[in-house]
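> coordinates only, sequence not included:
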Ligand SMILES: Nc1nc2c(ncn2[C@@H]2O[C@H](COP(=O)(O)OP(=O)(O)OP(=O)(O)O)[C@@H](O)[C@H]2O)c(=O)[nH]1
Ligand SMILES: [Mg+2]
């Protein structure tokens with residue numbers, strides 16, 4: 001049957017059955033492949049820093065994108081839901097290539113908007129995935145809501161470099177500003193690595209400074225640190241504060257190397273390392289962060305028992321981040 005159609009010379013022929021959904025997927029793939037991809041792919045010649053701007057509807061994401069670009073590229077409007085889909089915009093600033101990703105605001109969960117809500121969350125997650133650095137935009141007049149905390153949790157889960165920008169700073173008087181600063185510093189206590197900027201996307205104040213933090217965060221996330229330097233810092237840290245005794249034996253941290261980047265992952269070999277608690281891990285993370293100026297990026301730690309290097313090969317990054325997220329959520333809900 002197909003062969004007969006072929007003879008007519010129409011080009012490629014797909015045999016389908018619409019009623020039985022046979023061959024439809026292949027057909028759709030073929031049809032869609034003819035269209036250009038919506039997103040720039042991660043080709044090696046794309047050296048731009050990809051920056052996703054995320055936040056609730058109407059916080060001023062598109063206004064910020066325009067302000068960073070220096071011209072009106074995307075539509076802004078005083079109504080939630082103005083931006084409907086992620087938009088990738090390449091541009092250059094002071095010799096550095098960037099791709100800004102304007103995203104649709106993540107909506108509150110309601111029955112009526114359920115489909116839109118799901119769509120916007122999926123789109124935001126994809127933008128976070130596609131980005132090197134996320135700028136999380138908050139509304140100064142509303143502070144950090146549960147929705148913001150959820151979204152931040154997603155950024156932490158993805159291990160993305162992060163800059164926080166508190167927008168609409170122009171509308172606040174001095175005492176309101178102090179109040180906002182105070183509330184946020186308490187609520188963002190668990191994300192101590194991210195720089196916080198107070199900006200007005202509308203008037204432009206503070207926007208220029210974002211680029212410095214974005215670049216620093218990108219650099220920190222991609223940095224490769226030499227093993228001897230790492231070990232020197234580890235030994236100094238252990239000397240200054242020895243790890244705890246477990247069942248009468250001291251936990252030994254013998255050796256460290258970098259196991260990955262974006263985010264940086266440090267793999268530490270030693271004895272009884274699985275008994276190490278959160279406080280000591282945080283101490284090590286803070287020490288590495290300070291020693292190597294790892295600003296704006298989460299840091300992962302992985303521990304390996306020296307006796308058997310293949311035992312307990314576990315990536316502690318994701319559970320840590322999940323815990324961190326839980327703590328953050330509890331914290332936010334408590335403070336409400
Ligand atoms: N006062 C003040 N208003 C701002 C600021 N930034 C944005 N706005 C206003 O906030 C409204 C929403 O701005 P948008 O940039 O469209 O917001 P958005 O986050 O892109 O919204 P969605 O696309 O719907 O998610 C507009 O009326 C902006 O003029 C700011 O810094 N100060
Ligand atoms: Mg918008």
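Structure's in. What do you need? Since this is a predicted model, take the numbers as computed values, not measurements. Ligands and ions are numbered 1, 2, ... in the order given.

> now do the contacts for residue 76.
Under the criterion of CB atoms under 8 Å, 6 or more residues apart in numbering, the neighbours of residue 76 are 60, 62, 63, 66, 82. From N, CA and C alone the C-beta is placed, and that goes for glycine too.

> now, which of those residues lie close to ligand 1?
Of the entries in these, those that also sit close to ligand 1 under the rule CB under 6 Å from any ligand atom are 60, 62, 63, 82.

> quick one: residue 145 from residue 183, how far?
Going from residue 145 to residue 183 by CB to CB, to the nearest Å gives 11 Å.

> repeat that for residue 77.
Residue 77 sits 28 Å away from residue 183, taking CB to CB as the criterion.

> what about the nearest residue to residue 246 once chain neighbours are set aside, neighbour count?
Spatial nearest neighbour of residue 246, chain neighbours left out: residue 275 (4.4 Å); criterion: CB to CB, 6 or more residues apart in numbering. Using other CB atoms under 10 Å as the criterion, residue 275 is surrounded by 15 other residues.

> hang on, residue 263 packs against residue 221?
Yes - with contact defined as CB atoms under 8 Å, residue 263 and residue 221 form a contacting pair (5.7 Å).

> how far is the helix or strand containing residue 152 from where the chain is centred?
With secondary structure defined by DSSP states H and E, residue 152 is part of helix 146-158. What separates the centre of helix 146-158 from the centre of its chain is 9 Å, taken as CA atoms, centre = their mean, to the nearest Å.

> who has more neighbours out of residue 263 and residue 221?
Comparing residue 263 with residue 221 by other CB under 10 Å, the one with more neighbours is residue 221, at 23 against 20.

> what residues are up against the more buried one?
Residue 221 makes contact with 132, 133, 160, 161, 261, 262, 263, 264, 296, 297 under the criterion CB under 8 Å, 6+ apart.

> tell me the SS of it?
Secondary structure assignment for residue 221 (DSSP: H, G, I helix; E, B strand; the rest coil): helix.

> now do the one 3 residues further on
On the three-state scheme (three-state DSSP), residue 224 is labelled coil.

> contacts only, for it.
When the contact criterion is CB under 8 Å, 6+ apart, the partners of residue 224 are 258, 261.

> circling back: you'd agree the residue nearest to residue 246 is up against residue 251?
Yes - taking CB under 8 Å as the contact criterion, residue 275 and residue 251 are neighbours in contact, 6.2 Å apart.

> need the residues touching each of the two.
In terms of CB under 8 Å, 6+ apart, residue 275 and residue 251 are both contacted by the residues residue 244.

> so which of the contacts of residue 221 is the most crowded?
Of all those, residue 161 has the most neighbours under the rule other CB under 10 Å, reaching 30 neighbours.

> could you measure from that residue over to residue 52?
With distances taken as CB to CB, residue 161 is found 11 Å from residue 52.

> mutual contacts of the two, please.
Shared contacts of residue 161 and residue 52, defined by CB under 8 Å, 6+ apart, are found at 133, 134.

> mind listing what's buried in stretch 85-101?
Residues of stretch 85-101 classed as buried by neighbour count (16 or more other CB atoms under 10 Å): 86, 87, 88, 89, 91, 98, 99, 100, 101.

> can you check the pLDDT for the closest residue to ligand 1 within the stretch 101-250 of the chain?
Residue nearest to ligand 1 within the stretch 101-250 of the chain (CB to the nearest ligand atom): residue 105, separated by 2.6 Å. Residue 105 is assigned a predicted lDDT (pLDDT) of 87.

> for it, grab the count of nearby residues.
Around residue 105 there are 25 residues (other CB under 10 Å).

> not counting sequence-adjacent ones, nearest residue to it?
Here the nearest residue to residue 105 in space, its sequence neighbours aside, is residue 57; by CB to CB, 6+ apart that works out to 2.9 Å.
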